[in-house]
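K.L.:
okay, sequence plus prediction incoming.
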Amino acid sequence: MGTLYRRGTRAMTELVVAHALDSLTRDDLKSFLRLFHRSPLASKSDLLILFPSKTAAFDAAILEENDSFLKLLTRYKSSNVSHSSASFDVTHFTKLSKRERKSGEPIWGRRIRNNSTGNESARVSYGSVAGFDVEELDPENSLSGFLDHVPMSLRRWACYPMLLGRVRRNFKHVMLVDVKEFLILGDPLGRVRTQSLESVLVTRHGKRNSRVDSGVLMGGSRGIRRVCSKMLTDIVRATMHQQVKKKNPVSELGLFNQLVGNDYVLKEVNLIVSTESLGEVSSLSGSGSHNLLSKHGLIRRGKNTTLDVNSALITHLCSFPIDSTVYSECRY
């Protein structure tokens, strides 16, 4: 089940589940992957991407970015480029702890028999990358009996119980994130690693806003599974109520905030609401950008229509000698 785009070098204990809404473009996906592959999280976690449907264009983009990542890893590893003049910190992937070096094989793909301890994969660490479409995880489209059209923002919650249930013994911490809305720049799961497996961290939707964001949440595997299960129950209840009362369409963000505000329903979850909102890409140009990255490890693309994030990113990466030999856009 699913598509394995890249088999990692070892078994990971952390999982990033990135969901793609219908409006996601190929360039949006490539930007997300390029920044994820530079983050410390790429050396510690597996990445699963959940799509609304099967799309060959996205498959090609993921394979292209995987290939670029492996080239970067090889070329930076063999170069003498200083960290201050590099866009890619290879030490995230080469400095393994004793426990990491002894960890087992990835759970994705066929088991590989290899008795050699001196091969390349034994000296680097990176996770697997796999993709699923909603038909694989929710084949019956379980919400279709309540809605004429089930948007991806709602249907993804019907996919999580099966997906996270199947891998519940493999991962300690999980992050759910919207590919189009957010970019991973650091190690956001570092904020929850010391918390219990029942803990879930949510962030505010914006400055001066009391709402929390349904596009990103992270925490212990048990806590994330419980929140997903409760959210699916609330979606079903709300859609049934909508049919009877003929009220306005169900709002995923509104339902998520109602759930977060219900202490009784989430009594088995150690809910942590961040007191700070996530910054936007435009704020990275300010003097506080370093602090922003160290605090959150991820950032929102934002609604600034004058800033083409995808173009700005590739222009930045092409300014580095090694990167410019890897990405095809740098050769035009």
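P.N.:
Received the coordinates, thanks.
K.L.:
okay, now residue 319: neighbour count?
P.N.:
11 (other Cβ atoms under 10 Å). Heads up, the C-betas are built off the backbone N, CA and C, glycines and all.
K.L.:
doesn't residue 250 belong to a strand?
P.N.:
No - per DSSP: H, G, I helix; E, B strand; the rest coil, residue 250 lies outside any strand segment and is coil.
K.L.:
and the closest residue to it other than its chain neighbours, what helix or strand is that in?
P.N.:
Excluding its sequence neighbours, the residue lying closest to residue 250 (Cβ to Cβ, 6 or more residues apart in numbering) is residue 238, at 4.8 Å. For residue 238, the host element (DSSP states H and E) is helix 221-245.
K.L.:
can you check residue 275 too?
P.N.:
For residue 275, the host element (DSSP H and E) is strand 270-277.
K.L.:
buried sites along the helix holding residue 238?
P.N.:
In terms of neighbour count (16 or more other Cβ atoms under 10 Å), helix 221-245 has its buried residues at 221-228, 230-232, 234-236, 238-239.
K.L.:
thinking again about what came up before, for the residue nearest to residue 250, give its distance to residue 158.
P.N.:
Counting by Cβ to Cβ, to the nearest Å, the gap from residue 238 to residue 158 is 14 Å.
K.L.:
shaky segments in the stretch 201-332 of the chain?
P.N.:
Where the stretch 201-332 of the chain drops to pLDDT under 70, the residues are 206-209, 242-248, 282-296, 304-307, 332.
K.L.:
after the helix holding residue 238, which helix or strand is next?
P.N.:
Sequence-wise, the next helix or strand downstream of helix 221-245 (DSSP H and E) is helix 252-260.
K.L.:
any idea how far stretch 8-18 is from the middle of the chain?
P.N.:
11 Å (Cα atoms, centre = their mean, to the nearest Å).
K.L.:
next, the distance between the ends of it.
P.N.:
Start-to-end span of stretch 8-18 (Cα to Cα, to the nearest Å) is 17 Å.
K.L.:
i'd like the first residue to be 719 from this point on
P.N.:
Yep, numbering from 719; the last one is stretch 726-736 now.
K.L.:
related to what we said a few turns ago, what does the helix holding residue 956 rub up against?
P.N.:
733, 861, 864-865, 872, 875-876, 878-879, 882-883, 886, 889-892, 894, 914-918, 935-936, 965-968, 970, 973-974, 976-977, 983-984, 986-988 (Cβ atoms under 8 Å, 6 or more residues apart in numbering).
K.L.:
just the buried members of the residues you listed?
P.N.:
Buried among the contacts of helix 939-963 (16+ other Cβ under 10 Å): 733, 861, 864-865, 872, 875-876, 878-879, 882, 889, 891-892, 894, 915-918, 935-936, 968, 970, 973-974, 977, 983-984, 987-988.
K.L.:
give me the number of residues near the closest residue to residue 909 other than its chain neighbours?
P.N.:
The spatial neighbour of residue 909 that comes closest, neighbours along the chain excluded (Cβ to Cβ, 6+ apart), is residue 919 at 6.1 Å. As a burial measure, residue 919 scores 23 neighbours (other Cβ under 10 Å).
K.L.:
and the angle for the helix or strand harbouring residue 919 with helix 970-978?
P.N.:
Using DSSP H and E, residue 919 maps to strand 917-922. Angle, strand 917-922 to helix 970-978, by axes from the mean of the first three to the mean of the last three Cα atoms, to 10 degrees: 130 degrees.
K.L.:
end to end, how far does stretch 762-780 reach?
P.N.:
Start-to-end span of stretch 762-780 (Cα to Cα) is 19 Å.
K.L.:
quick one: the strands in this protein, in order.
P.N.:
Remark: strands assigned in the chain by DSSP state E are 721-724, 732-737, 763-769, 847-851, 891-896, 900-902, 917-922, 930-938, 988-995, 1016-1018.
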